[in-house]
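Asker: when you get a sec, could you give me coordinates for this:
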Amino acid sequence: MDYVTLNNGLKMPQLGFGVWQVENDEATPAVSTALEVGYRSIDTAMIYANEDGVGKAIDKSNVPREELFITTKVWNSDHGYENTLKAFDESLERLGLDYVDLYLIHWPTPKFDDYVETYKALEKLYNDGRVKAIGVCNFHIEHIQRLLDECDVLPAVNQVECHPYLQQTELKNFCEKNNIYLEAWSPLMQGGDVLNNDVIKGIADKYGKTPAQVIIRWHLHSDVIVIPKSVTPSRIRENFDVFDFELTEEEMAQIAELNRDERKGPDPNDMNKR
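Answerer: Numbers count the residues shown, from 1 in each chain. A predicted model of the protein is given here:
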């Protein structure tokens, strides 16, 4: 397992397990399998409606709490200072935990212009020791810049859609410059055809790996945190079996040329659903 060190000194597994679009009753066996395989970072959110299922898997696991890294997120409808503090308490109760390791704003929803106030609630949770680190999801450069200008605690992570067809190079460079880690959701481009790309498939054949494993390895080599999702035990294991090969500089360059700036999810400026 590889770890990264966030800007406040906290260590976070670079490869984690995501549960987006996983039903609550499926989350418990899926997370249990992930923990058995060796994952130690689990990424959920209030809007996924599976924090309870994730919490049950954590509770029945033999893995000590201090070895786990649990992330959850505040949803758009809970923006605002007091709303965020309340939403956090409710997430913590569903998870059955005393603290979470990383708490994120799920979307900036710029139309409502309240993400700065929301982030200040995250700062309070951080300063009170109820979360180990705070950050954001789906923030463009201009959204992060406002936090840098108006808030005190540097975001540790910006979790965004990222895969070989949407490489987020400019945003990643900005985050690196400001000591913020980029974290990839939809790292395998859900519903996309990147797994069938001839370049990816060629590299996979060379190493006796799957296209998904090559893409996860590409994320890791790119110094990006990555959270693939699956409910299939064999796929959960496969996605974790990526530490026994390395991509060459030439292969990394070949994948870099695949970028199309192609999103599957919404542009953050257009996501204003509450």
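
Asker: I figured Glu183 hits Pro155, correct?
Answerer: No - judged on C-beta atoms under 8 Å, Glu183 makes no contact with Pro155 at a distance of 10.9 Å. In short, each C-beta sits where N, CA and C put it, glycine included.

Asker: so these two - more neighbours on which side?
Answerer: More crowded of Glu183 and Pro155, by other C-beta atoms under 10 Å: Glu183, with 30 against 25.

Asker: what helices and strands are in contact with the strand or helix carrying that one?
Answerer: Element membership of Glu183, judged by DSSP states H and E, is strand 181-185. Counting contacts by 3 or more C-beta pairs under 8 Å, 6 or more residues apart in numbering; DSSP states H and E, strand 181-185 is packed against strand 157-161, helix 169-177, strand 225-226.

Asker: what comes up buried for the longest one?
Answerer: Residues of helix 169-177 classed as buried under the neighbour-count rule (16 or more other C-beta atoms under 10 Å) are Leu171, Lys172, Phe174, Cys175.

Asker: let me know the closest of those residues to Glu257.
Answerer: Glu257 lies nearest to Lys172 out of the buried residues of helix 169-177, by C-beta to C-beta, at 16.2 Å.

Asker: end-to-end on stretch 210-229?
Answerer: Terminal residues of stretch 210-229 are spaced 15 Å apart (C-alpha to C-alpha, to the nearest Å).

Asker: pLDDT of that stretch, averaged?
Answerer: On average, the pLDDT along stretch 210-229 is 97.

Asker: now the farthest one out in the protein, which residue is it?
Answerer: The centre of the chain is farthest from one residue, Lys206, which by C-alpha atoms, centre = their mean lies 28.7 Å away.

Asker: tell me how far that residue lies from Val214.
Answerer: For Lys206, the distance to Val214 equals 9 Å [C-beta to C-beta, to the nearest Å].

Asker: which parts of the stretch 101-250 of the chain are helices?
Answerer: 115-127, 141-150, 169-177, 198-207, 211-221, 233-240, 249-256 (DSSP state H, counting those that start in this stretch).

Asker: winner for burial among those helices?
Answerer: Across the helices of the stretch 101-250 of the chain, the average number of neighbours (mean count of other C-beta atoms under 10 Å) peaks for helix 211-221, which reaches a mean of 23.

Asker: packing partners of that one?
Answerer: Partner elements for helix 211-221 (3+ C-beta pairs under 8 Å, 6+ apart): helix 198-207, strand 225-226, helix 233-240, helix 249-256.

Asker: now distance to Lys60 too, for the ones you listed, in a markdown table please.
Answerer: Output for those, formatted as a markdown table (distance: least, C-beta to C-beta, whole Å):
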| stretch | distance to Lys60 |
| --- | --- |
| helix 198-207 | 35 |
| strand 225-226 | 26 |
| helix 233-240 | 16 |
| helix 249-256 | 39 |
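
Asker: for Ile47, which of those is the nearest?
Answerer: For Ile47, the closest of the helices and strands packed on helix 211-221 is strand 225-226, at 20.2 Å, according to C-beta to C-beta.

Asker: how far does that closest one sit from its chain's centre?
Answerer: Distance of strand 225-226 from the chain centroid (C-alpha atoms, centre = their mean, to the nearest Å) equals 6 Å.
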